[in-house]
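Colleague: Next comes the sequence, and after it the predicted model I'd like to discuss.
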Amino acid sequence: MNLKLTDKIMPPRIETRTSTENASRALAVAVQSSRVEEAEGRRAADLPERIKELNCLIKLSKLADMHDSSQSDMLQAAAEIIPSGWQYMEIARARIVLEHEEFKSPGFSETLWKQSSGIFAHGSLIGGLEVCYLEERPAGDEGPFLKEERDLINAVAAELGKLIELKRAYEELRQGEEKYRGLFEANTDAIFIVRSDTLRIIDCNRMAERLTGCPRGELLSMDAERILFGRHESLASEESVRRILEGVETTECEIAAGDGAVISVSAFAASFEYGGRVCYQLILRDISAHKETERVLRKAKETAELAARMKSEFVANMSHEFRTPMNAIIGFAEMLFDTNPSKEQREFAEIIKSSGETLVALIDEILDFSKIEASRMEIENVPFDPALVIREICELVRPEITSKHIELASDIGEDIPRIVQGDPARFGQVLVNLLENASKFTESGRIEVAAGVENGSGEDVTLRVSVRDTGIGIPPDKLPIIFAPFQQADGSNTRKHGGTGLGLTICRQIATLLGGEILVESEPGKGSTFHFTSRVRRSAKSEVS
């Protein structure tokens, strides 16, 4: 047999191996294809079940939109929806147990073929869900329920928990809104809700309708500018409106009601979120009655002040008229002493003179009080030596005090400036009055006058003068009234010590005019101490005494 090198015969063994590999590969592909087709077939067969489950969950989620229904109605609707997600929905029934309440689908009966899951809200167990088959319907080797249905009941229970959370949150929000609306409508002030961007009124309460005289529908077509400045259109502007709406203080203004009446109101506004947008809550309070009361009180005050001025001017004028004849009476009484009167005539003349002097002192007090009331008392500002004024006054009242066997002592501090600018007459008047009071209410013992500088190292100085006595003292319950006009510690008709009750009133008012005050310390049976202060200015010639 002639063979050429170019002829090549493939061994049969090699051809057999290649065919076997191809066959194995083809078989693997066929098996894989069969498995894919089988899986796709199963998925295709399961698709209707998954769709049922999804539809069930979708229907449950839509229950969240049942805002007008109660939680019980929502859960009852859920119990009726749930069986539609199970494989054998015609024999599936559901029961929801929540806080001692049960919600069942129609025809529910508890059987041995059931599954359950807990319902949680905000992390706490609040109830449970049960799904029962009225009769056993095995599905392969999975028992009466499919594996997917065991997952489904957990998903449904979780959805129920979310629905309950949403319902409770919505209910709390609704109750809050109802409470706010109740307060909003019942408020005695007119309230307008104004959009911050357009200044348009989007809500108002009943009092707003009553105040403006406009129905709600008409008010909701207006803007805040029309409400606040309807009466003064020339003043209206967005800037002026925002000034009120964004201000931190209450503003008073006048608005025009629907019938044209002018109403005085106080306006206050605050920004807040309303309906998902920033708005202003504009509050208008009717203060017309308050303004009218203010007007009446102002008129009454003016009338009373006028009457007080007229009275004070009358008393001041009459006091001068009284003083002229009284001076004549006192003068002629003194002249009688030069006519060698008898003992009895001398006694009569002394009574006339003493009574006249008492009456003149009374007239002087009334005159001073009237001047102060009429704001006609003038305070001078002249140089004087306060230490000298105090010594002179002590010497002036010493005869009267020592005649009662009472010791009068004085202690003038070295820190008192020698010359100050002030009113020596009024300064001395207060001191005289305090010393006379001390003498009047002291039967025996001692009266001390102490003076010094209370404070002031610069030009302005506060002088402090204290008058201490060992008299009868003042009861604690009478201390608040002793500076009131026509008031005395002993106000009875049988009181031992006389007087008009104006002395201390005048002293306090003069002390106030002098930039100071009067204070008192007292203990019944042991005496009293009156402290008088006066604000003065150091004179250029002042030297420390």
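Modeller: On my side now, so go ahead.

Colleague: tell me the mean pLDDT for whatever helix or strand Val389 lives in?
Modeller: Here Val389 sits within helix 386-402, counting by DSSP states H and E. Helix 386-402 carries an average pLDDT of 89.

Colleague: right, and the helix or strand after that helix?
Modeller: strand 406-412.

Colleague: which is the next helix or strand following that next one?
Modeller: Next along the chain from strand 406-412, counting by DSSP H and E, comes strand 420-422.

Colleague: What's the per-residue pLDDT of Leu27 here?
Modeller: For Leu27, the model assigns a pLDDT of 64.

Colleague: ok, now the one 5 residues further on?
Modeller: With respect to pLDDT, Gln32 scores 65.

Colleague: And for Gly445?
Modeller: 90.

Colleague: what do you get for Ile164?
Modeller: 89.

Colleague: Is it correct that it is in contact with Ala121?
Modeller: Yes: contact criterion Cβ atoms under 8 Å: Ile164 and Ala121 qualify, at 5.0 Å. Every residue, glycine included, has its C-beta placed from N, CA and C.

Colleague: Tell me which of the two has more neighbours.
Modeller: The neighbour comparison of Ile164 against Ala121 (other Cβ atoms under 10 Å) goes to Ile164, with 23 against 18.

Colleague: Which strands border whichever strand or helix holds Phe268, and is each parallel or antiparallel?
Modeller: Assigned by DSSP H and E, Phe268 falls within strand 262-274. Sheet pairing of strand 262-274 (DSSP bridges) gives strand 251-256 (antiparallel), strand 277-286 (antiparallel).

Colleague: By mean pLDDT, show me the worst of those strands.
Modeller: strand 251-256 (a mean of 84).

Colleague: Could I get the buried residue list for that strand?
Modeller: Across strand 251-256, burial judged by 16 or more other Cβ atoms under 10 Å covers Cys253, Ile255, Ala256.

Colleague: Name the nearest of those relative to Arg168.
Modeller: Set against Arg168, the nearest of the buried residues of strand 251-256 by Cβ to Cβ is Ile255 (43.3 Å).

Colleague: picking up where we left off before, of all the strands paired with strand 262-274, which lies closest to Leu519?
Modeller: strand 251-256 (41.4 Å).

Colleague: Give me the below-cutoff pLDDT ranges for the stretch 1-150 of the chain.
Modeller: 1-46, 136-147 (pLDDT under 70).

Colleague: if we can go back for a sec, buried sites along the strand holding Phe268?
Modeller: Ile263, Ser264, Val265, Ala267, Phe268, Ala269, Tyr274.

Colleague: Using CSV, list the CA coordinates for that strand.
Modeller: C-alpha atoms of strand 262-274 as CSV (Å, rounded to 0.1, in the frame of the first residue of the first chain):
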residue,chain,number,x,y,z
VAL,A,262,-64.2,104.3,64.0
ILE,A,263,-62.9,101.7,66.4
SER,A,264,-59.7,102.1,68.5
VAL,A,265,-57.7,98.9,68.7
SER,A,266,-54.4,97.6,70.0
ALA,A,267,-52.6,95.5,67.4
PHE,A,268,-50.1,92.8,68.0
ALA,A,269,-48.7,90.1,65.6
ALA,A,270,-46.5,87.1,65.7
SER,A,271,-45.2,84.8,63.0
PHE,A,272,-45.9,81.1,62.9
GLU,A,273,-46.2,78.2,60.4
TYR,A,274,-49.8,77.7,59.2
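
Colleague: chain center to the helix or strand encompassing Tyr180: distance?
Modeller: Following DSSP H and E, one finds Tyr180 within helix 147-186. Centroid displacement of helix 147-186 relative to its chain, using Cα atoms, centre = their mean, to the nearest Å, is 36 Å.

Colleague: Given the helix or strand following that helix, what are its sheet partners and their directions?
Modeller: Sequence-wise, the next helix or strand downstream of helix 147-186 (DSSP H and E) is strand 190-195. Next to strand 190-195 in the sheet, as set by DSSP bridges, lie strand 201-204 (antiparallel), strand 277-286 (antiparallel).

Colleague: Dump the ones you listed to CSV, plus mean neighbour count.
Modeller: Shown next, in CSV, are the strands paired with strand 190-195 (neighbours: other Cβ atoms under 10 Å):
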stretch, mean neighbour count
strand 201-204, 20
strand 277-286, 19
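
Colleague: how about the ones you listed, which one is nearest Pro48?
Modeller: strand 277-286 (46.7 Å).

Colleague: between that closest one and helix 147-186, how many degrees?
Modeller: 30 degrees (axes from the mean of the first three to the mean of the last three Cα atoms, to 10 degrees).

Colleague: thinking again about what came up before, what's the closest of the strands paired with strand 190-195 to Met222?
Modeller: strand 201-204 (5.5 Å).

Colleague: Keeping just the C-alphas, turn the closest one into PDB.
Modeller: What follows is strand 201-204, C-alpha atoms only, in PDB (Å, rounded to 0.1, in the frame of the first residue of the first chain):
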ATOM      1  CA  ILE A 201     -56.000  87.200  55.000                       C
ATOM      2  CA  ILE A 202     -56.600  83.500  54.800                       C
ATOM      3  CA  ASP A 203     -58.500  82.900  58.000                       C
ATOM      4  CA  CYS A 204     -60.200  84.800  60.800                       C
END
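
Colleague: who's in contact with that strand?
Modeller: Applying Cβ atoms under 8 Å, 6 or more residues apart in numbering, the external contacts of strand 201-204 come out as 190-195, 216, 219-220, 222-224, 227, 274-275, 279.

Colleague: Whichever of these end up buried, select them in PyMOL.
Modeller: In PyMOL, this line selects whichever of the contacts of strand 201-204 come out buried by 16+ other Cβ under 10 Å:
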select buried, resi 190+191+192+193+194+195+219+222+223+224+227+274+279
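
Colleague: Least confident of the contacts of strand 201-204?
Modeller: Comparing the contacts of strand 201-204 by pLDDT, Gly275 comes last, at 75.

Colleague: Phi and psi next, for it.
Modeller: Here is the backbone geometry of Gly275 (degrees, to the nearest 10): phi 60, psi 30.

Colleague: so what's it up against?
Modeller: Applying Cβ under 8 Å, 6+ apart, the residues near Gly275 are Ile202.

Colleague: How much space separates it from Leu54?
Modeller: As for Gly275, its distance to Leu54 is 34 Å (criterion: Cβ to Cβ, to the nearest Å).

Colleague: who does the helix holding Tyr180 touch, helix- and strand-wise?
Modeller: helix 12-62, helix 71-81, strand 114-121, strand 124-133 (3 or more Cβ pairs under 8 Å, 6 or more residues apart in numbering; DSSP states H and E).
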